[in-house]
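Colleague: Quick one, what's the 3D model for this:
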Amino acid sequence: MKKHVNGNFHQTLTPLLFLLPNMLIFVVFIIIPAVQGLRMSFTEWGVFTEPTFIGFANFKELTHDEVFWTTFFNTLTFSVFVVALLIVYSMVLALLLNRNAHKGEKVFRSLFYIPSLLSMITVGIAWRFILGDEMGIINYLLKAFGQQSIHWLTDSTLSMASVILVSVWAGAGYYMVILIAGLQSIPTELYEAAKIDGSSAPKTFWYITLPMLKSTLLVVLVLATISSFKAYELIFVMTKGGPGYATKLIVQQVYQVAFMEDRMGYASAMSIVLMLLISIFTVLQFSISGKEQDYE
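Modeller: Residues are numbered from 1 along each chain as shown. Model prediction:
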């Protein structure tokens, strides 16, 4: 029978003291604003008016708000495609640039990682200059070769595809670094044993690399999902949510309702729905990962 050993007072207090600054930041900037936002969601409140308690009226209004549901499904579409493409693309980059056999690999790692260091506003401006209808570089080259220009940012379908691909390009380097760290933590003896047994590259990847990367992939999945649900600057700069509502996500709608329509309470209700959506996806991801580990 395993005996549980309790540490003394100093052994227990010291870790708590190290955690205290982070806990204070978490409480002040995450917990308190979340509680305040929940409280505001039950009120009718503008910047220059006193809050009035209205119960669940804001949430009831959300159920038949067509613009909100459009942005809701746009957010889901954007997140699903961005997360899926990010995982695949960053995994491919990590596998290609994992080994340090050549100095050139470090250069390529840096090149792919640099976009993740840039401000999303900067990335959006750069890609708007590349994909713009009239002044865009791509359309300028197409016209130079006698081809018709393509409406990358003003067509309802192409605009969503464009912001998805640019988001993947901008974020893949960050997740590539995380996956490279995971790949380098896998014992080389496993690959040597697989090579001796005559295992092919696909089988080695499927039966060794992927199982050993499950924890790292879960981290990438959760971080990418949360980031995609909060996307705002890049899309606003590239398309401003257009054409129409084609690329407008919940975060942009929250900003518009809160600061342009001066409906803080209603915007808070939208934010609560977004927080619940992120929480549900995160819990599902952890739950699926936990069940897979139980089956192993």
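Colleague: I'd like to check what contacts the helix or strand hosting residue 238. Which residues are they?
Modeller: Here residue 238 sits within helix 233-239, counting by DSSP states H and E. Under the contact criterion Cβ atoms under 8 Å, 6 or more residues apart in numbering, helix 233-239 has outside partners 119-121, 123-125, 127-128, 131, 153, 159, 162-163, 166-167, 170, 241, 246-249, 252. Any C-beta I mention is one placed from the backbone N, CA and C, and that applies to glycine too.
Colleague: Please narrow those to those residing in helices.
Modeller: Under the assignment DSSP state H, the contacts of helix 233-239 contribute 120-121, 123-125, 127-128, 131, 159, 162-163, 166-167, 170, 252 to helices.
Colleague: ok, which stretches of the stretch 51-200 of the chain are strands?
Modeller: All strands of the stretch 51-200 of the chain, identified by DSSP state E, counting those that start in this stretch, fall at 52-53.
Colleague: Output the below-cut-off pLDDT ranges for it.
Modeller: 100-103 (pLDDT under 70).
Colleague: Name the nearest residue to the residue nearest the centre of the chain, sequence neighbours excluded.
Modeller: Central residue of the chain (Cα atoms, centre = their mean): residue 227, 2.4 Å from the mean position. Leaving aside its sequence neighbours, residue 227 sits nearest to residue 171 (Cβ to Cβ, 6 or more residues apart in numbering; 6.8 Å).
Colleague: residues in contact with that neighbour?
Modeller: Residue 171 neighbours (Cβ under 8 Å, 6+ apart): 82, 86, 115-116, 224, 227.
Colleague: hmm, 7 Å instead?
Modeller: 86, 116, 227 (Cβ atoms under 7 Å, 6 or more residues apart in numbering).
Colleague: Over to residue 282?
Modeller: Neighbour list for residue 282: 222, 225 [criterion: Cβ under 7 Å, 6+ apart].
Colleague: Check the gap between it and residue 166 for me.
Modeller: Applying Cβ to Cβ, to the nearest Å, the value for residue 282 to residue 166 is 24 Å.
Colleague: go on, residue 88?
Modeller: Distance of residue 88 to residue 166, given as Cβ to Cβ: 16 Å.
Colleague: Those two: which is more packed in?
Modeller: Here residue 88 and residue 166 are compared on neighbour count by other Cβ atoms under 10 Å; more neighbours surround residue 166, at 24 against 12.
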